[in-house]
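# Sharing a sequence plus its predicted fold:
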Amino acid sequence: MNAHRAPVVQRVAGWSARHRKTAVFGWLLLVVAAVLIGQRIGTSNLNSYDPGQAGQAERVLDLPVVQQPASESVLIQGRPGQTFGNDPEIRLAVRQVVAALRKLPQSAAGIQSPLTSHGLVSGRSALVTFNVAGKPGNDDQTVVPAMNAVTAVAGHHPGLTIGEAGGATVDRAIGNSTSQDFHKAELTSVPISLALLLIVFGALIAAGIPLLLAGTAVISAISLLAIPSHWLPVDGTTSSIVLLVGMAVGIDYSLFYLRRVREERAAGRPASQALHIAAGTSGRAIVVSGLTVMISLAGLFLTGIDVFSGVAVGTIMVVGVAVLGSLTFLPGLLSMLGKWTDRGRIPFLGKRRTRARDSKLWSLLARAVVNRPLIWGGTAAIALLTLATPVLSMHLESPGIHDLPSNVPVVRTLDELYQVFPGGPEPAEVVVTGQDLSGTKVAGAIRALDHYASANGAIRAPITTALFGNDRAGNSQVLVVSVPLAGDGTDTTSNNALGTLRTQVLPATLGTVPGISYSVAGLTAGNHDFNTQLNSRVPWVFAFVLGCAFLLLMTTFRSVYIPALSICLNLLSVGAAYGLMVLIFQDGHLQGPLGFTPYGGITPWLPLFMFVLLFGLSMDYHVFILSRIRELRLRGSSAREAVTSGISHSAGVVTSAAAIMVAVFSIFATLSIIEFKVFGVAMAVAILIDATIVRGVLLPAGLALLGDRAWDLPRWLGGGRAATVPQPRQDYVRL
């Protein structure tokens, strides 16, 4: 076979190996160029908006004319059996809190005291409310002096409960926890990956190659995120997810390539031929795997949700960069290093690990499965279906204040606030636009709204208003009406109250005023509209991902059975992971060891995001294993022998890659935010299931039952048995 007729992957790898200095240093220059481009363009911190009516209101609230400060509440509670009226210490504490806040005009403004304002007292509880002074964009910093002042007053009254909570303090707590969690994950993942790679390869240089490819791919992608950040929301969370996905695929692809090169060199082939064979086998599998991951992640665009679009762009970029590096930088680097790849051997590991060997354990298991596929496969399928059963009771609900650990002070204060003053800390915000918003008709509608709040349990008093803009100057005005809702902001009670507000109360009040329009934002409205949009788009995302993956795998393997089997097995492993997620985090099992408090639901965005990510990452293993089995079939092996040998040959790299990903995702189980815990545990479990039960039992059982049919393409699609008769291939292109 002539060089010019070789597949593109082999030609690219051949060029990179022959021009190794150009390939290696050219790649490093590309990384430097990406960093310089990112710094030159700069990241634009665009706000992300919820879909639907809540997003419309949020866009109005972001207008320059609207400068709405964050509101804070200080809860003062007396001893049980006391009331605000008969406990002098509560009233003294209130006066001290008010006095301390008034001394901080740069931090607190618009202070309201229960001594002078109605609606701020309930039994033994009282509220002091204020707005954070200064520019709204810096609320979480500006509020710090006020927080310190409240803490100081609390220290003088050990018998009372005094705590502060509100938009600024919650943002500060979440921001601190999130940054600490991701920083911990980032610092821990690299050393753990390196340690496992040293165990896998037994040599320092070989272990460093996957980290080098993954690290350069991540640096390039995160730097280039500056480009889409000018039209999509890209924040620190997006960068952290890009880091996680980039490290996972970069290490996987390097393992695929390095393992095959070592195997061919151990078989006595020269370095050039080993690289060529690795490019035509593992390199081809990397391309198919990368395309599958990118297709899966592209499904997030169909949600129409800003946050998902930003994450999709970033993760697709890092996977594409990792694939490009695997086809160019990796063969060039391996050609440059030669036998130096195995230098820096680790004592007691180096001599054994530098050899590429088949796995006797996985070979024995695969042979047992293909000999009795119905028994083994049926048992495994029943086990996974049993694990997936709790999915039927999955309840999607935003965690709200439960996102943070219960020992965080602001969480305890918020929880008590919701009990005593429902809806107060996170009220619905009715955003009204139009002319003459300070006129008598609008004022009458607000009075009617306030009257409804006094007579109905769904919406609560006090209802407050804030008017922005100057109507006399001809500018549009914005009126923000804060309406407390029943419930804790994210539960069914709050959602029902939101429905009452939107469909009954507002049409009967503000809806009767001509020339104005309104929309509802706030915590409850944002979560409700987000979940509604997500639920309506989930079927389209599933159809897109599964359909595109089927077509790609059908084209790659020239079969309709292989993609159907692969998709079914992936859905089975994802379903089992979902079931365990419900058992652990919704029902509260293992809450002690994992350190969380269950709130009876699962964060709505997690199942969909996990599906697209898991489907893509698990396809890495499927494509790699199936490519090896297909290769053996093309060399003339029988269907069953190809299955057992293919699984045995690929066992080392799949086990190693899965162990690294399980370890990295398990780090998230130690973080404080409950969403990160759910994500880490479910991802680690799904990958473990996929790399053991699916890879070792269900896949060989399915292929054994299909037999030769597995590799057939129907004649009406241009295939047929004649098109797939195995033909041994001995020729190669000299690099």
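Nice, I can see it.
# residue boundaries of the strands in this structure?
71-77, 108-112, 121-122, 125-132, 161-166, 428-434, 464-468, 477-483, 516-521 (DSSP state E).
# Just give me how far the shortest one sits from the chain centre.
Computed by C-alpha atoms, centre = their mean, to the nearest Å, the chain-centroid distance of strand 121-122 equals 41 Å.
# What lies in contact with it?
Contact with strand 121-122 is made by 84, 114, 127, 420-421, as judged by C-beta atoms under 8 Å, 6 or more residues apart in numbering. For glycine as for every other residue, the C-beta is placed from the backbone atoms N, C-alpha and C.
# Same question for the fifth one.
When contacts are taken as C-beta under 8 Å, 6+ apart, the neighbours of strand 161-166 outside the stretch itself are 70-77, 93, 97, 132, 143, 146-147, 150, 153-154, 409-410, 412-414, 416-417, 425.
# Next one, pLDDT for residue 5 please.
Here, the pLDDT recorded for residue 5 equals 60.
# isn't residue 611 right next to residue 544, touching?
No - between residue 611 and residue 544 there is no contact under C-beta atoms under 8 Å: 11.6 Å.
# Show me which of these two is the more surrounded one.
residue 611 (23 against 19; other C-beta atoms under 10 Å).
# Point out where the chain drops to low pLDDT.
Screening the chain residue by residue with the criterion pLDDT under 70, one finds the ranges 1-6, 118, 344, 347-358, 422-425, 454-456, 470-476, 714-735.
# Which residues are in contact with the residue of it most remote from its centre?
What lies farthest from the middle of the chain is residue 86; by C-alpha atoms, centre = their mean that is 51.1 Å. Residue 86 makes no contacts at all, as judged by C-beta under 8 Å, 6+ apart.
# Any figure for the gap between it and residue 249?
With distances taken as C-beta to C-beta, to the nearest Å, residue 86 is found 66 Å from residue 249.
# try residue 390
Separation of residue 390 from residue 249 (C-beta to C-beta): 30 Å.
# For residue 435, give me phi and psi.
phi -100, psi 160 (degrees, to the nearest 10).
# One more: residue 462?
phi -90, psi 140.
# Distance of it relative to residue 659?
Distance, residue 462 to residue 659, by C-beta to C-beta: 57 Å.
# on that earlier part again, for ChimeraX, what selects the buried ones among the contacts of strand 161-166?
Only the buried entries of the contacts of strand 161-166 go into this ChimeraX selection, using 16 or more other C-beta atoms under 10 Å:
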select :70,71,72,73,74,75,76,77,93,97,132,143,146,147,150,153,154,410,412,413,414,416,417,425
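# circling back: more crowded one of residue 462 and residue 659?
residue 462 (19 against 16).
# Am I right that that one is in contact with residue 127?
No - using C-beta under 8 Å, residue 462 is not in contact with residue 127, being 10.3 Å away.
# hang on, the earlier thing: any chance of the contacts of strand 121-122 in TSV, plus distance to residue 238?
Shown next, in TSV, are the contacts of strand 121-122 (distance: C-beta to C-beta, whole Å):
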residue	distance to residue 238
84	47
114	43
127	37
420	38
421	36
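# Mind checking which of those residues land in helices?
residue 420 (DSSP state H).
# Burial check on residue 591, number of neighbours?
Neighbour number of residue 591 under other C-beta under 10 Å is 13.
# Just give me the neighbour total for the residue nearest to it when sequence neighbours are not counted.
Excluding its sequence neighbours, the residue lying closest to residue 591 (C-beta to C-beta, 6 or more residues apart in numbering) is residue 598, at 5.8 Å. Residue neighbour count, defined by other C-beta under 10 Å, stands at 16 for residue 598.
# Please report how far residue 411 lies from residue 627.
Distance of residue 411 to residue 627, computed by C-beta to C-beta: 49 Å.
# ditto for residue 460
Distance of residue 460 to residue 627, given as C-beta to C-beta: 62 Å.
# Same check on residue 129?
Counting by C-beta to C-beta, the gap from residue 129 to residue 627 is 64 Å.
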